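*Asks:* Pasting the sequence and the predicted model now:
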Amino acid sequence: MMKSFGYAAQSAKTPLAPFKFERRDPGPNDVVIDIQFCGVCHSDLHQIRNEWDDSLYPMVPGHEIVGRVVSVGSAVTKFKVGDTAGVGVFVDSCRVCPSCKAGEQQYCDLGMIPTYNGRDKNGDLTFGGYANNIVVDEAYTYPISPKLNLAGVAPLLCAGITTYSPLRHWKVGKGKKVGIVGLGGLGHMGLKFAHSFGAHVVQFTTSLSKKEDALRLGADEVVLSKDSAAMRAHASSFDFILDTASAPHDLNLYLALLKRDAAMVLVGLPDQPPTVQVGALAFQRRVLSGSAIGGIPETQEMLDYCAEHNIVADVEMIPIQKIAEAYDRMLRNDVKYRFVIDMASLQK
Ligand code: NAP
Ligand code: ZN
Ligand code: ZN
């Protein structure tokens, strides 16, 4: 077994603490990555606190991973030692179901194998990226362009693809009026992509203090969602709304802003179910849908798009020792706009 070291939660109530563990011995198709940076996703916090009721402990979170390849198995073709590699939200899947065959591994019939808080094919718990290293099958690992700032690339592996995928699926682009709900890790990437795709973008936020940042990040307009007059002024005018909010909120306020036949897609995963007024959907044939991360081909497409258009996340770098403080700020909506852990801090 390969020795690893990171930070883990031992239960829903205990803070993250240093943790020694083992990963599987690398096989012929595996790469071993020394992790340099790992983004801090709100899903890490939901799962550490068992807010989705499916948590397995001990839990080493982290699924926005970039680092250096330090060894490759005999059958590996995509990487050589010294390359930069990324790992996202899943590390394997069945590979034969219709979704896997379509390159939509996140929707695998048997369930994707998550990077952490899941079980590997051998039954072992999977452990994520708040750690010094990781072993991953090269097929579930992404080559990373050396052109981009590496710390800013890490959040693309979850926040990036989770917003890129629905914006592409619902054909957001020039001539479309698009709303982004929530300006956090996902929201700021959604805003950057929607702007880059040429849409007219309206950022919805509960935080007045984020207005200037939203405009700088590409918003054409910013609406404070608590301001009901400002909300009403946009009634029935949106082609698409992407909702990234991490906590329960009233979806009906946003549904009323969609045009006939337009869609709102939920990517935020609050721990409580929403209440939806059917009339808000039925009387304008509006669509309410959801979306989860993205498959391997689309994640690679997104990484290539970012390299070409010089898009990375706006990051605030922290040492792993400051993770509890980062979570506290995340809960107060005080993220600008993704915490990224500098894994060199593990050595301290
Ligand atoms: P984050 O950085 O903490 O940002 C969440 C933002 O939501 C906050 O900054 C805030 O923005 C807004 N918000 C919070 N509470 C709200 C409320 N009560 N009403 C309205 N807006 C509220 O979180 P994140 O990492 O972007 O993740 C967002 C959500 O997406 C989480 O639930 C996460 O688990 C989920 N997620 C889903 C997928 C997927 O595949 N579907 C992938 C990754 C993450 P303002 O201050 O601008 O209001
Ligand atoms: Zn995530
Ligand atoms: Zn499958």
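*Replies:* Received it, and whenever you're ready, just let me know what you need. Numbering: from 1, shown residues only. Ligands and ions are numbered 1, 2, ... in the order given.
*Asks:* going forward, measure contacts and count neighbours with C-alpha atoms only.
*Replies:* OK.
*Asks:* any idea how far Ala12 is from Ala214?
*Replies:* Distance of Ala12 to Ala214, given as Cα to Cα, to the nearest Å: 34 Å.
*Asks:* Who has more neighbours out of those two?
*Replies:* Ala214 (22 against 19; other Cα atoms under 10 Å).
*Asks:* Check which helices and strands the helix or strand that one falls within sits against.
*Replies:* Assigned by DSSP states H and E, Ala214 falls within helix 211-216. When contacts are defined as 3 or more Cα pairs under 8 Å, 6 or more residues apart in numbering; DSSP states H and E, helix 211-216 packs onto strand 221-224.
*Asks:* what's the helix or strand just after the strand it packs on in contact with?
*Replies:* Downstream of strand 221-224, the first helix or strand assigned by DSSP H and E is helix 228-232. For helix 228-232, contacts defined as Cα atoms under 8 Å, 6 or more residues apart in numbering pick out Val223, Leu224, Ser225, Leu253, Leu257.
*Asks:* Residues in contact with the first helix or strand past helix 228-232 going along the chain: which ones?
*Replies:* The helix or strand immediately downstream of helix 228-232 is strand 238-243, counting by DSSP H and E. Residues outside strand 238-243 that contact it (Cα under 8 Å, 6+ apart): 163, 166-167, 170, 172, 176-182, 187, 190, 254, 257-259, 262-268.
*Asks:* Quick check: residues of the stretch 101-250 of the chain near ligand 3?
*Replies:* Cys108, Asp109 (Cα under 5 Å from the ion).
*Asks:* So which residues of the stretch 101-250 of the chain form strands?
*Replies:* 113-114, 133-137, 142-143, 177-181, 200-205, 221-224, 238-243 (DSSP state E, counting those that start in this stretch).
*Asks:* what angle do the fifth one and strand 177-181 make?
*Replies:* Right, strand 200-205. Counting by axes from the mean of the first three to the mean of the last three Cα atoms, to 10 degrees, strand 200-205 points 20 degrees away from the direction of strand 177-181.
*Asks:* Any residue of stretch 269-276 touching ligand 1?
*Replies:* Yes. Residues of stretch 269-276 contacting ligand 1 under Cα under 6 Å from any ligand atom: Leu269, Pro270.
*Asks:* Does that stretch reach ligand 2?
*Replies:* No. Stretch 269-276 does not reach ligand 2 (Cα under 5 Å from the ion); its nearest approach is 10.4 Å.
*Asks:* For that stretch, buried residues please.
*Replies:* Leu269, Pro270 (16 or more other Cα atoms under 10 Å).
*Asks:* what do you get for stretch 98-110?
*Replies:* Neighbour-count burial for stretch 98-110 flags Ser99, Cys100, Gly103, Glu104, Gln105, Gln106, Tyr107, Cys108 (criterion: 16+ other Cα under 10 Å).
*Asks:* re the thing from before, so how far is the helix holding Ala214 off the chain centroid?
*Replies:* 21 Å (Cα atoms, centre = their mean, to the nearest Å).
*Asks:* Buried residues of it, list them for me.
*Replies:* Lys211, Ala214, Leu215.
*Asks:* Please save the CA atoms from that helix in PDB.
*Replies:* The C-alpha coordinates for helix 211-216 follow below in PDB (Å, rounded to 0.1, in the frame of the first residue of the first chain):
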ATOM      1  CA  LYS A 211     -21.500  44.100  -6.600                       C
ATOM      2  CA  GLU A 212     -18.200  45.600  -7.800                       C
ATOM      3  CA  ASP A 213     -16.600  42.200  -8.000                       C
ATOM      4  CA  ALA A 214     -19.500  40.800 -10.000                       C
ATOM      5  CA  LEU A 215     -19.100  43.700 -12.500                       C
ATOM      6  CA  ARG A 216     -15.400  43.100 -12.700                       C
END
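*Asks:* List of residues touching it?
*Replies:* Applying Cα under 8 Å, 6+ apart, the set of residues contacting helix 211-216 from outside is Leu183, His188, Gln203, Glu221, Val222.
*Asks:* before we move on, the earlier item: any quick ChimeraX command for the buried ones out of the contacts of strand 238-243?
*Replies:* In ChimeraX, this line selects whichever of these come out buried by 16+ other Cα under 10 Å:
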select :163,166,167,172,176,177,178,179,180,181,182,187,190,254,257,258,259,262,263,264,265,266,267,268
